[in-house]
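Participant: Make a model of this:
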Amino acid sequence: MKTHTVGEVMTSDVVRAHPTTPFREVVRLLERHRISGVPVVDHDDKVLGVISGTDLVREQARRARAEAGCIATAGQLMSTPAVTVHPEQPVPDAARVMERRGIERLPVVDEEDRLIGIATRRDLLRVFLRTDGDIRREVIDDVLVGALGLAPDTVTVVVREGLVTLTGPLERRSDVPKAIRAVWRLEGVAGMVNGLTHRVDDGPPPARQAPGQRAGRTRPGAERP
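Facilitator: Just a heads-up that it's a prediction; the model follows:
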């Protein structure tokens, strides 16, 4: 089953600043490109830090201007060290990094730590905007046919607004949780309704009673005489 990588969803045309870029130019970059932050790179395009948020930039600039003769630059205002990711990392992993660090964007770097893209929250969430048709095809092709070896029409698959409903018989009882787990792993699935049944119960046999044990119900925690 396909898992999208950061390289597939990132923005390759990255607006960037340099350590010597003046404060006013940074603000102009943000306003001109309608973005909320930019990575700061050195002469070799290696990421040094990130300026996150126009409000933060303005606040830091006010503090810098309070010092006589001081001109605020990107190098003074950036947050450092920058948290970066590589293009081959799975989208869910990058999303967890964003959530854990409380950041809105991740510079994407190559094996030499040079900037090659930017991944924003919007970029990562794009995988959940897949059409219902795409999700349905993946459920049939990757889960039912690929993972379980079923004919494509064995199970009825309905997808509405990312909600997947499965209805129909599987051969073995143990296949039901396998199918459920596999569908939940698909990107873009927002919920699931399980209407699967089974022909053969291949679950564990019931526990055997000890010799002399009477059948019947026992209260939890109670012992038989």
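
Participant: got the CA positions of stretch 90-105 in PDB?
Facilitator: C-alpha atoms of stretch 90-105 as PDB (Å, rounded to 0.1, in the frame of the first residue of the first chain):
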ATOM      1  CA  PRO A  90       6.800   9.400   4.900                       C
ATOM      2  CA  VAL A  91       4.200  12.200   5.200                       C
ATOM      3  CA  PRO A  92       2.900  10.900   8.600                       C
ATOM      4  CA  ASP A  93       6.300  11.000  10.100                       C
ATOM      5  CA  ALA A  94       6.800  14.700   9.000                       C
ATOM      6  CA  ALA A  95       3.300  15.500  10.300                       C
ATOM      7  CA  ARG A  96       4.300  14.100  13.700                       C
ATOM      8  CA  VAL A  97       7.500  16.200  13.700                       C
ATOM      9  CA  MET A  98       5.400  19.300  13.000                       C
ATOM     10  CA  GLU A  99       3.000  18.500  15.800                       C
ATOM     11  CA  ARG A 100       5.700  17.600  18.300                       C
ATOM     12  CA  ARG A 101       7.700  20.800  17.600                       C
ATOM     13  CA  GLY A 102       4.700  23.100  17.200                       C
ATOM     14  CA  ILE A 103       5.900  24.400  13.800                       C
ATOM     15  CA  GLU A 104       4.100  25.200  10.600                       C
ATOM     16  CA  ARG A 105       6.700  24.400   7.900                       C
END
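
Participant: In terms of pLDDT, where does F128 sit?
Facilitator: pLDDT, F128: 68.

Participant: So which residues of this protein form helices?
Facilitator: With helices called from DSSP state H, the chain shows them at 6-9, 23-33, 54-65, 74-77, 91-101, 121-125, 132-138, 175-184.

Participant: so of these, which one's packed in deepest?
Facilitator: Ranked by mean neighbour count under mean count of other C-beta atoms under 10 Å, the helices of the chain are led by helix 74-77, which reaches a mean of 20. Yep, even glycine has a C-beta here, placed from its N, CA and C like the rest.

Participant: Just the CA trace of that one, in PDB.
Facilitator: Backbone C-alpha positions of helix 74-77 (Å, rounded to 0.1, in the frame of the first residue of the first chain) are rendered in PDB as follows:
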ATOM      1  CA  ALA A  74      17.200  37.600   8.900                       C
ATOM      2  CA  GLY A  75      20.200  36.100  10.600                       C
ATOM      3  CA  GLN A  76      19.300  38.000  13.800                       C
ATOM      4  CA  LEU A  77      15.600  37.200  13.700                       C
END
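
Participant: Kind regards, and thank you for your time.
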